[in-house]
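Chemist: quick one, structure for this:
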Amino acid sequence: MLAAGRTVEGDRWELSVAPSSLGLTASVAVTSVAGHRYWGTGCGLTGPLATGPSVTTAGSDDSGPATLLLQVPADVRAVVVRLSDGTREDLVLHPLPGRPDRLAVLVFPRHLDVHRIDRYDATGALLPD
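Modeler: Numbers count the residues shown, from 1 in each chain. Next up, the predicted model:
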């Protein structure tokens, strides 16, 4: 397990990374307060991202929260997500073992939409989409 946390509703999420034939596989699993395991989100991480765009994976099931998983290159130092209700989420960037790129995860109510994802460099400058 790379990281874990709780949603505002109390659901527990876990971000895991495991070796695969592609390189690494990242996955987010969410469990409700009552112990129900929701559908998860995952992606293959084929190689380190040196610079350039991030890789975005998103998903949800019919009853659980939505998940957003971002693989960001080494030049990204901060990620800010704005949701449809105006909420601003500053994501934690989790290092990948032996790689310069990192992962960020957001678990949020599925009735909301992601309106914007901003990435910033070490100087605080906004990186291009």
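
Chemist: spatially central residue for the chain, please.
Modeler: In the chain, the residue lying closest to the centroid (CA atoms, centre = their mean) is V105, at 2.2 Å.

Chemist: give me the element it is part of.
Modeler: When elements are assigned from DSSP states H and E, V105 belongs to strand 102-108.

Chemist: the helix or strand just after that strand: which residues count as buried?
Modeler: Where DSSP H and E defines the elements, the next helix or strand beyond strand 102-108 is strand 114-120. By neighbour count on 16 or more other CB atoms under 10 Å, the buried set for strand 114-120 is V114, I117, R119. Quick note: C-beta positions are derived from backbone N, CA and C, even for glycine.

Chemist: picking up where we left off before, which strand residues bridge the residue nearest to the centre of the chain?
Modeler: V105 forms beta bridges with L69, as assigned by DSSP bridges.

Chemist: ditto for G42
Modeler: Going by DSSP bridges, G42 is paired in beta bridges with S27.

Chemist: dump the residue contacts of it.
Modeler: Taking CB atoms under 8 Å, 6 or more residues apart in numbering, we find G42 in contact with T25, A26, S27, V28, T57, L69.

Chemist: one step back: mind putting the buried residues of strand 114-120 into a markdown table with distance to V80?
Modeler: Formatted as a markdown table, the buried residues of strand 114-120 follow (distance: CB to CB, whole Å):
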| residue | distance to V80 |
| --- | --- |
| V114 | 11 |
| I117 | 8 |
| R119 | 8 |
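
Chemist: so what does the residue located most distally from the centre of the chain have for phi and psi?
Modeler: Centroid-distance maximum for the chain: A34 at 23.5 Å, with CA atoms, centre = their mean. Reported as degrees, to the nearest 10, the phi and psi values for A34 are phi -80, psi 0.
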